[in-house]
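**Student:** Quick one: sequence and predicted model below, then my questions.
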Amino acid sequence: MKHIPNFITLLNLLAGCLAIVAIANGALTHASWWIILAAVLDLLDGAVARLTGSVSAIGKQLDSLADVVSFGVAPGFMIYALLNNAIAIYYPDNESMYYLAYMGFLIPLFAALRLARFNIDTGQEKNFLGLPTPAVALMVLSIPITVNCRLVEIPWLNDFLNHPWGLIAVAIVLSLLMVAPLRLFSLKISSIYWKYNRARYILIIFAVILFFSIRFASIPFILLMYIVLSLLKLNEAEAE
């Protein structure tokens with residue numbers, strides 16, 4: 001039983017690797033679904049470890065190594081691919097612009113720094129310092145799904161996410177948020193009481209309503225709401 005959580009973590013890593021393969025083959029939307037699977041597995045391994053009493057130091061390190069690939073390298077490679085595509089449209093004759101595509105790899109660099117700091121910081125059990133890497137990956141994977149979705153279209157958002165400078169802005173802002181001294185609440189609910197979870201419940205309600213309204217285009221707005229609610233500190237002291 002004690003090996004099950006680590007096996008799930010390795011499946012998370014495998015999903016991240018398959019996402020990278022999909023990106024290399026130009027299947028960015030397929031890659032997004034692999035990253036979503038990795039995120040589900042990332043939630044599952046911790047839950048199984050706690051249920052089976054098999055939380056371990058090696059499991060924590062393995063989890064961070066898997067997260068660097070699934071929520072760092074894969075999203076960085078996706079931004080790189082999206083930038084190459086956007087530059088080919090907006091600046092087809094400017095070869096020097098293609099070097100800007102490497103800005104996408106800021107994400108894995110800062111993700112590695114974020115996760116290394118998380119591993120040695122014992123004060124991030126109930127709250128995060130900096131934006132968690134899965135949230136960054138969620139934002140990035142939403143880009144190809146959003147711009148290719150025909151059910152719901154937001155023209156100004158699509159224009160921004162399709163433009164090279166918009167994508168570069170996304171890469172820089174997400175990278176900086178990962179290491180910013182922002183105290184963000186964890187989504188883990190240890191008590192059902194409203195006063196301990198006001199921010200969590202408000203975020204969940206907001207996310208559900210917005211997702212059913214505009215699908216994956218809702219993710220940037222949900223992420224912004226998460227940061228705003230964290231800054232407002234609506235949650236009272238966690239239940240003992």
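**Tutor:** Received, thanks. Numbers count the residues shown, from 1 in each chain.
**Student:** my read: residue 49 touches residue 5, true?
**Tutor:** Yes - assessed by Cβ atoms under 8 Å, residue 49 is found in contact with residue 5 at 3.8 Å. The way it works is simple: take the backbone N, C-alpha and C, and place the C-beta from them, glycine included.
**Student:** shared neighbours of those two, which are they?
**Tutor:** Counting by Cβ atoms under 8 Å, 6 or more residues apart in numbering, the residues touching both residue 49 and residue 5 are 55, 59.
**Student:** The two: who's more crowded?
**Tutor:** More neighbours surround residue 5 than the other of residue 49 and residue 5, with 24 against 21 (other Cβ atoms under 10 Å).
**Student:** give me the element the more buried one is part of.
**Tutor:** Secondary structure assigned from DSSP states H and E places residue 5 in helix 4-24.
**Student:** neighbouring contacts of the helix or strand immediately after that helix in the chain?
**Tutor:** Per DSSP H and E, the first helix or strand lying C-terminal to helix 4-24 is helix 28-52. With Cβ under 8 Å, 6+ apart as the test, helix 28-52 has contacts from 1-2, 4-6, 8-9, 11-13, 15-16, 18-20, 22-23, 54-56, 59, 63, 66-67, 70-71, 74-75, 78, 81-82, 134, 137-138, 140-142, 144-145, 148.
**Student:** partner strands of the lowest-mean-pLDDT helix or strand in the chain, parallel or antiparallel?
**Tutor:** Counting by mean pLDDT, DSSP states H and E, the weakest-scoring helix or strand in the chain turns out to be strand 127-129, with a mean of 85. Using DSSP bridges, strand 127-129 pairs in its sheet with strand 183-185 (antiparallel).
**Student:** Give me the residues contacting the strand it pairs with.
**Tutor:** Here strand 183-185 has contacts from 126-132, 199-200, 226-227, 229-230, 235, using Cβ under 8 Å, 6+ apart.
**Student:** Give me the neighbour count for residue 111.
**Tutor:** Using other Cβ under 10 Å, residue 111 has 30 other residues around it.
**Student:** Distance check, it against residue 179.
**Tutor:** Separation of residue 111 from residue 179 (Cβ to Cβ, to the nearest Å) stands at 10 Å.
**Student:** rewinding a little: buried set for the helix holding residue 5?
**Tutor:** 5-6, 8-20, 22-23 (16 or more other Cβ atoms under 10 Å).
**Student:** and it, C-alpha only, in PDB?
**Tutor:** Output of helix 4-24 as PDB, limited to C-alpha atoms (Å, rounded to 0.1, in the frame of the first residue of the first chain):
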ATOM      1  CA  ILE A   4       0.600   3.300  -4.300                       C
ATOM      2  CA  PRO A   5       1.000   7.100  -3.800                       C
ATOM      3  CA  ASN A   6       4.500   7.100  -5.500                       C
ATOM      4  CA  PHE A   7       3.100   5.000  -8.400                       C
ATOM      5  CA  ILE A   8       0.400   7.700  -8.900                       C
ATOM      6  CA  THR A   9       3.100  10.400  -8.800                       C
ATOM      7  CA  LEU A  10       5.000   8.500 -11.500                       C
ATOM      8  CA  LEU A  11       1.800   8.500 -13.600                       C
ATOM      9  CA  ASN A  12       1.600  12.200 -13.100                       C
ATOM     10  CA  LEU A  13       5.200  12.400 -14.500                       C
ATOM     11  CA  LEU A  14       4.300  10.100 -17.400                       C
ATOM     12  CA  ALA A  15       1.300  12.400 -18.300                       C
ATOM     13  CA  GLY A  16       3.600  15.400 -18.300                       C
ATOM     14  CA  CYS A  17       6.000  13.500 -20.700                       C
ATOM     15  CA  LEU A  18       3.100  12.600 -23.000                       C
ATOM     16  CA  ALA A  19       2.000  16.300 -23.000                       C
ATOM     17  CA  ILE A  20       5.500  17.300 -24.200                       C
ATOM     18  CA  VAL A  21       5.300  14.600 -26.900                       C
ATOM     19  CA  ALA A  22       1.900  16.000 -28.000                       C
ATOM     20  CA  ILE A  23       3.300  19.500 -28.100                       C
ATOM     21  CA  ALA A  24       6.300  18.400 -30.200                       C
END
